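Novice: Predicted model follows, preceded by the sequence.
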Amino acid sequence: MDKTVASAAEAVADIASGSSIAVGGFGLCGNPMTLIEALLEKGSDELSIVSNNCGVDDWGLGVLLANRRIRKMTSSYVGENKEFERQFLSGELEVELTPQGTLAEKLRAGGSGIAAFFTQTGVGTQVAEGGLPRRYDGSGGVAIASPPKDVRNFPVRGEEKPFVLEEAISTDFALIHAERGDRHGNLVFNKSARNFSPLAAMAGRICIAQVEELVEPGEIDPDAVHLPGVFVHRVLYVGPDIEKRIERRTVRSTEGS
């Protein structure tokens with residue numbers, strides 16, 4: 001039951017080129033940077049990554065992107081990374097843009113054994129109708145476009161409404177960051193670092209978690225557990241002093257306060 005590993009290199013040792021990986025975090029909050037850097041050092045490429053965003057040019061998943069390790073990104077928000085934009089428009093990167101709530105539910109469904117679900121999000125748009133660019137040809141044309149999805153009507157409060165079919169996401173691995181964890185893999189996340197991290201963990205066949213604080217089993221109140229250890233396979237202690245970055249630092253004048 002002790003799921004701890006001794007090093008980041010050991011934690012990611014079996015993530016091979018071509019693997020699919022769900023990665024937790026929200027913006028730069030909750031990025032599993034120690035694991036990402038270990039994966040970079042390992043040299044695996046042609047990776048298919050599922051994450052809410054792709055970090056920035058020199059942090060988060062942007063580190064893998066800048067080193068040409070990512071073949072495909074399935075994301076919701078990609079607006080903070082200039083290299084991401086360049087690779088996408090030049091045809092070097094395949095991108096599957098997905099509404100944020102839909103992406104969260106696709107990951108949750110994948111971890112819950114649910115093959116697909118119907119949602120109203122995306123009905124009447126290219127998300128449902130197809131034609132959304134996934135890969136450009138480098139000359140301004142679309143090399144790969146999203147296919148149309150099944151749309152059906154279901155009664156909602158006595159009224160027929162259209163819903164689009166979305167398939168669940170499951171991946172080979174998941175990389176996540178937690179504030180606290182025990183040796184059994186039970187995890188607690190800090191505020192918005194919880195966004196997407198439990199869902200990414202559920203979707204991964206093998207989930208690897210880095211934790212700032214490692215405690216013994218039983219030290220975390222069961223009612224306080226955000227993600228139970230059944231979803232976590234490896235735990236890496238990284239300590240509380242790891243570097244954490246902010247995408248856009250803003251300050252407010254203290255005048256008049």
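Specialist: All right, it came through fine.

Novice: Quick one: find the helix or strand in the chain with the lowest mean pLDDT.
Specialist: Every helix and strand of the chain was ranked by mean pLDDT, DSSP states H and E. The lowest is helix 82-89, at a mean of 93.

Novice: helix or strand right after that one?
Specialist: strand 94-97 (DSSP states H and E).

Novice: List the buried residues for the helix or strand following that following strand?
Specialist: Moving toward the C-terminus from strand 94-97, the next helix or strand (DSSP H and E) is helix 100-112. The neighbour-count check on helix 100-112 (16 or more other C-beta atoms under 10 Å) flags 100, 102-111 as buried. All C-beta spots, glycine's among them, are computed from the backbone N, C-alpha and C.

Novice: Out of these, which comes closest to residue 136?
Specialist: For the buried residues of helix 100-112, the minimum distance to residue 136 (C-beta to C-beta) is 21.6 Å, reached by residue 103.

Novice: who touches that closest one in this structure?
Specialist: 50, 52, 74-76, 169, 196 (C-beta atoms under 8 Å, 6 or more residues apart in numbering).

Novice: can you pull the pLDDT of it?
Specialist: pLDDT, residue 103: 98.

Novice: Residue 248 too?
Specialist: For residue 248, pLDDT reads 73.

Novice: Any chance of JSON lines for the buried residues of helix 100-112, columns distance to residue 125?
Specialist: As requested, these are exported to JSON lines (distance: C-beta to C-beta, whole Å):
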{"residue": "100", "distance to residue 125": "14"}
{"residue": "102", "distance to residue 125": "12"}
{"residue": "103", "distance to residue 125": "15"}
{"residue": "104", "distance to residue 125": "18"}
{"residue": "105", "distance to residue 125": "17"}
{"residue": "106", "distance to residue 125": "17"}
{"residue": "107", "distance to residue 125": "21"}
{"residue": "108", "distance to residue 125": "22"}
{"residue": "109", "distance to residue 125": "21"}
{"residue": "110", "distance to residue 125": "23"}
{"residue": "111", "distance to residue 125": "26"}
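
Novice: and those, which two are the farthest apart?
Specialist: 100 and 111 (17.4 Å).
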